[in-house]
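> Got a predicted structure here, sequence first:
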Amino acid sequence: MTFEILNILEPVLDSVFEKFYQSMLSNRDFAVFFKDDDHIRSLIEKQKMHFLDSLNDSEEELKARYSRLGEIHYNLRLPYVDFFAAMGMLEEGLLLSIASHHDSKDLMRTAFKFFRLIRAYTAKGYLNKTLEADSADIDRYLENVHRSSEIDTQFATERIIWLKNLTFAIQIENRAAAPSFQLPTQVMDSIQSYAPEDPDLVRYINDTIARIEINAANVFYFLEKKNYEEVLTLYRELMQIYKLSLMLTNVITIAASSAIISSLSKDDLTGMLGRNSLNDIIEREFSLATASGYEISLIMMDLDHFKNVNDTYGHAAGDEVLKTTSKFVHDNIRATDFSFRMGGEEFLIILKGASLKVASRQAELIRKEIEEHAFKYDGKTFRITASFGVSTYFSPFQMGLQSMLKQVDLKLYESKRNGRNRVTW
């Protein structure tokens, strides 16, 4: 089928597209995508010619033409919702012209179908480019994920390969090529083994997986109907799978980390990990960071003039300071981060996926909380401060742990040298 009947609109196209130009020009939301008025007018003139040429297309030719147009607009970073709104303006102008000049139900039905198809096929162009970009991201992720630890590798690889297979099935529009929407049994068994006494964690994971499965099924329902607008919308929601998959992986990482931490020795006074646990933790965290492509930040902190507390108020008071300080640290880091008592009044914090700016801000929060706290022991009130050094490291982590510790320790020393009670990064 062609849409040659719509050629009857050619005499009014100039006025319709002129109004379209004026609408685009006066709309701030659209104006940001164009260099200037001449740029808008030039593009609209091209769109008018493109529109006229498409009236003689078969439906397959129309699909190819507007899919390409969608890909072009995607590359221009024009959001589909904005393209859709602009197309709505143009459609409204043309339909009003038909209603004003032609008493033809057939013409109106043909126009409705034409616009429905070009919206759908443009959406398909956006979908094509989105799938292409997502597939490339997935491939990059899979190139590194094998370097992660066993539980993280098993879970992340299962989820990401599932997503890769799903995007391929959407690209070729074939439900039969899609993977099962059910999470593999062995992965759920692993989840259960790491959180056997945490029903809330398992319930959260199950709810998240259910959302993924429902969205995936809906994509194929609308894909089979060639309703690409719905597919694009659902797929964008479905691409939260990538985030949800990473969220789920993080949940498992937290559970796995908890299992590991529970088996490591802890400092009896503060409850922090002991220095002898550092090598076990850091090796695993470097592997995870390399696989996922995020940085790791270290914070070294030391209580200022701590010896004076012990000498003035006694060692029991000093113990209370250490316990309270460890609570301040714990309250200001995430469940996936780690804190160590390195000895005496010196502590180390490992922040996963935290930039230097973020890590410095976290250190500042802890510093301020210590500074503002009035310590009380045996009827006496006193205050204390702390100094901090912060360093950030990136994959592939060519610097060894001891060199990293030396570097962040130098930052701490700089804080001490410059007057203490500060963060240096």
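Arrived safely, thanks for sending.
> hang on, Arg341 is in a helix, isn't it?
No - applying DSSP: H, G, I helix; E, B strand; the rest coil, one finds Arg341 to be strand, outside a helix.
> Would you agree it is in contact with Asp267?
Yes - between Arg341 and Asp267 there is a contact under CB atoms under 8 Å: 4.3 Å. For every residue, glycine as well, the C-beta is placed using N, CA and C.
> the more surrounded of the two?
Arg341 (23 against 19; other CB atoms under 10 Å).
> What residues are bridge-paired with that one?
Beta bridges link Arg341 to Gly274, Phe347, judged by DSSP bridges.
> one step back: residues bridging contact with Arg341 and Asp267, i.e. touching both?
Shared contacts of Arg341 and Asp267 (CB atoms under 8 Å, 6 or more residues apart in numbering): 273-274.
> Which parts of the protein belong to which domain?
4-128, 146-254, 266-424 (automatic domain parsing).
> Give me the three-state assignment for Asn56.
Going by three-state DSSP: Asn56 is coil.
> For stretch 72-84, what is the distance to the chain centroid?
Distance of stretch 72-84 from its chain centroid, counting by CA atoms, centre = their mean, to the nearest Å, is 21 Å.
> pLDDT score assigned to the nearest residue to Ile349 once chain neighbours are set aside?
Excluding the flanking residues, the one nearest Ile349 by CB to CB, 6 or more residues apart in numbering is Ile299, at 4.1 Å. On pLDDT, Ile299 comes in at 97.
> before we move on, what about Leu405?
pLDDT, Leu405: 91.
> now swap in Tyr242 and tell me
In this model, Tyr242 carries a pLDDT of 60.
> Likewise for the one 5 residues further on?
As summarised for this prediction, Met247 has a pLDDT of 57.
> With Thr185 instead?
60.
> quick one: the helices in the stretch 1-150 of the chain?
For the stretch 1-150 of the chain, helices defined by DSSP state H, counting those that start in this stretch occupy the ranges 10-26, 28-31, 37-54, 59-75, 80-101, 105-145, 150-171.
> Quick check: which of these is buried the most?
Mean neighbour count (mean count of other CB atoms under 10 Å) peaks for helix 150-171 among those, with a mean of 19.
> average model confidence for it?
pLDDT averaged over helix 150-171 gives 71.
> Next: stretch 99-109.
For stretch 99-109, the mean confidence score works out to 74.
> Also stretch 329-346?
Average pLDDT, stretch 329-346: 88.
> Convert it to PDB, retaining C-alpha atoms only.
Only the C-alpha atoms of stretch 329-346 are listed here, as PDB (Å, rounded to 0.1, in the frame of the first residue of the first chain):
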ATOM      1  CA  VAL A 329      32.900   5.700  61.000                       C
ATOM      2  CA  HIS A 330      30.300   2.900  60.700                       C
ATOM      3  CA  ASP A 331      27.400   5.400  60.500                       C
ATOM      4  CA  ASN A 332      29.000   7.300  57.600                       C
ATOM      5  CA  ILE A 333      29.900   4.400  55.300                       C
ATOM      6  CA  ARG A 334      27.800   2.000  53.300                       C
ATOM      7  CA  ALA A 335      27.300  -1.700  54.000                       C
ATOM      8  CA  THR A 336      29.600  -2.500  51.000                       C
ATOM      9  CA  ASP A 337      32.500  -0.500  52.500                       C
ATOM     10  CA  PHE A 338      35.100  -1.700  55.000                       C
ATOM     11  CA  SER A 339      36.700  -0.200  58.100                       C
ATOM     12  CA  PHE A 340      39.800  -1.400  59.800                       C
ATOM     13  CA  ARG A 341      41.600  -0.600  63.100                       C
ATOM     14  CA  MET A 342      45.200  -0.500  61.900                       C
ATOM     15  CA  GLY A 343      46.600  -0.200  65.400                       C
ATOM     16  CA  GLY A 344      46.300   2.200  68.300                       C
ATOM     17  CA  GLU A 345      44.200   5.200  67.200                       C
ATOM     18  CA  GLU A 346      44.700   4.800  63.500                       C
END
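> show me where the stretch 151-300 of the chain has strands.
273-274, 296-303 (DSSP state E, counting those that start in this stretch).
> mind giving me a markdown table with the ones you listed and columns for distance to Ala363?
What follows is the strands of the stretch 151-300 of the chain, written out as a markdown table (distance: least, CB to CB, whole Å):
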| stretch | distance to Ala363 |
| --- | --- |
| strand 273-274 | 18 |
| strand 296-303 | 5 |
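> so how far is Lys105 from the closest residue to Lys129 other than its chain neighbours?
Distances taken as CB to CB, 6+ apart place Tyr74 nearest to Lys129, at 4.0 Å, with adjacent residues excluded. Separation of Tyr74 from Lys105 (CB to CB, to the nearest Å) stands at 36 Å.
> that older thread, against Leu405, how distant is the residue nearest to Ile349?
12 Å.
> who has more neighbours, the two?
Per other CB under 10 Å, whichever of Ile299 and Leu405 has more neighbours is Ile299, with 28 against 17.
> Pull the contacting residues for that one.
Contacts of Ile299 by CB under 8 Å, 6+ apart are 348-349, 351, 359, 362-363, 366, 388-390, 408.
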